[in-house]
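Provided below for reference: sequence and predicted model.
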Amino acid sequence: MQTIRVETPSAKYDVIAGSGLIETLAPRIERVVGRLPRRVFVLTSAPIWALWGHCLQQSFREAPVVLFLEPGEKYKTLASVEKLLRQMAQAGGDRGSLLIAFGGGIVGDVGGFVAAIYMRGIPYVQVPTTFLAQVDSSVGGNTGVNLPEGKNLVGSFNHPLAVFADIGVLGTLPDQELRAGLMESVKAGIIRDRALVRFMEEHATEVLGRDPKALERVIAASIRMKAGVVNRD
């Protein structure tokens with residue numbers, strides 16, 4: 001397990017990469033925020049929840065309120081945001097509530113934006129479930145939704161309290177999505193970390209075979225590069 005620190009003028013937080021994070025998520029969040037608030041929300045998609053929802057829930061003494069976002073770019077909209085905000089209000093969400101964005105990049109983008117504007121801002125954490133979200137979109141505080149006129153035209157910079165990148169969830173990720181995420185690491189490695197590229201070349205079988213130690217090495221190095229860019233941006 002590795003911890004990478006992100007430090008910006010507006011926020012400082014840790015990105016933790018390793019195995020077994022979802023099963024111990026609640027106590028890990030408590031180490032960051034202290035006692036969990038009365039109302040905890042989890043924003044996710046139905047496919048992710050079907051695979052990993054029970055695993056996440058078992059770490060909480062009181063079950064969080066689960067909110068669902070339909071999978072797909074076409075649901076990354078203001079209409080979806082309004083629906084989620086109303087569900088939170090109806091469930092008793094207040095300014096002390098906490099949101100957990102549990103899914104891929106779309107869930108993370110929408111969740112961060114919802115957290116930024118509900119009650120004029122509530123804290124949230126990122127629990128990315130795709131390789132690309134773990135190494136890129138969950139770090140840096142970029143949140144938002146699309147308009148018919150273009151992608152990500154509405155949003156805000158809203159950093160999470162922490163990011164928990166669990167290697168274990170990648171075991172159910174389709175091969176195509178894993179390879180797409182790995183391309184981000186290859187790109188970042190060519191630009192900033194040739195040692196990472198060499199490691200991926202020399203250990204391609206282990207990386208593509210989802211060996212936890214190999215994936216942790218690649219993910220941690222990629223996050224470290226992203227954090228470095230965010231720190232200087």
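Received the coordinates, thanks. Numbering: from 1, shown residues only.

Report how many residues lie close to T172.
Burial of T172 is recorded as 12 neighbouring residues (other C-beta atoms under 10 Å). Glycine gets a C-beta too; all of them are placed from N, C-alpha and C.

what's the distance between it and K76?
Spatial separation of T172 from K76 under the definition C-beta to C-beta, to the nearest Å is 22 Å.

which sections of the chain are below the confidence cut-off?
233 (pLDDT under 70).

If we use 90, what do you get?
1, 7-11, 34-35, 135-141, 171, 175-177, 179-181, 183-197, 200-201, 222-233 (pLDDT under 90).

show me where the protein has strands.
With DSSP state E as the criterion, the chain has strands at 2-7, 12-18, 40-44, 65-68, 98-103, 124-128, 142-147, 150-157, 162-166.

Return the residues in contact with G155.
Taking C-beta atoms under 8 Å, 6 or more residues apart in numbering, we find G155 in contact with D109, F113, N142, T143, G144, V145.

Excluding sequence neighbours, find me the nearest residue to it.
The spatially closest residue to G155, leaving aside those adjacent along the chain, is G144, at 1.9 Å (C-beta to C-beta, 6 or more residues apart in numbering).

the helices in the chain, which residues?
25-33, 46-57, 78-90, 105-117, 131-132, 175-192, 194-202, 204-208, 212-232 (DSSP state H).

separation between the closest residue to S45 other than its chain neighbours and L196?
Taking C-beta to C-beta, 6+ apart as the measure, S45 lies nearest to P71, with 4.6 Å between them; neighbours along the chain are not counted. Using C-beta to C-beta, P71 is found at 30 Å from L196.

who has more neighbours, those two?
Neighbours were tallied for P71 and for L196 using other C-beta under 10 Å; the higher tally belongs to L196 (21 against 16).

from the contacts of G155, which is closest to V186?
Of all these, N142 has the smallest distance to V186: 21.1 Å, by C-beta to C-beta.

what's near enough to touch the spatially closest residue to the closest one that is not a sequence neighbour?
Of all residues beyond its chain neighbours, the one nearest N142 is F157 (6.7 Å), with distances taken as C-beta to C-beta, 6+ apart. Contact partners of F157, counting by C-beta under 8 Å, 6+ apart, are S10, G141, N142, T143.

again, but for D94
With the criterion set at C-beta under 8 Å, 6+ apart, D94 makes contact with R38, R39, M119.

Now, of those, which are buried?
Buried positions within those, assessed by neighbour count (16 or more other C-beta atoms under 10 Å), are R39.

possible to save the contacts of D94 as TSV with distance to I48?
As requested, the contacts of D94 are arranged in TSV below (distance: C-beta to C-beta, whole Å):
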residue	distance to I48
R38	25
R39	21
M119	26
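
just the contacts of D94 now: which is nearest S19?
Closest to S19 out of these is R39 (29.0 Å), distances taken as C-beta to C-beta.

Distance of the closest one relative to G96?
Counting by C-beta to C-beta - R39 and G96 are separated by 8 Å.

With W49 instead?
When distances are taken as C-beta to C-beta, W49 and G96 turn out to be 24 Å apart.

okay, those two: which has more neighbours?
When W49 and G96 are compared for neighbours, W49 comes out ahead with 17 against 11, by other C-beta under 10 Å.

Now the more buried one. Nearest residue, chain neighbours left out?
Using C-beta to C-beta, 6+ apart and skipping residues adjacent in sequence, the residue nearest W49 is V66, 6.6 Å away.
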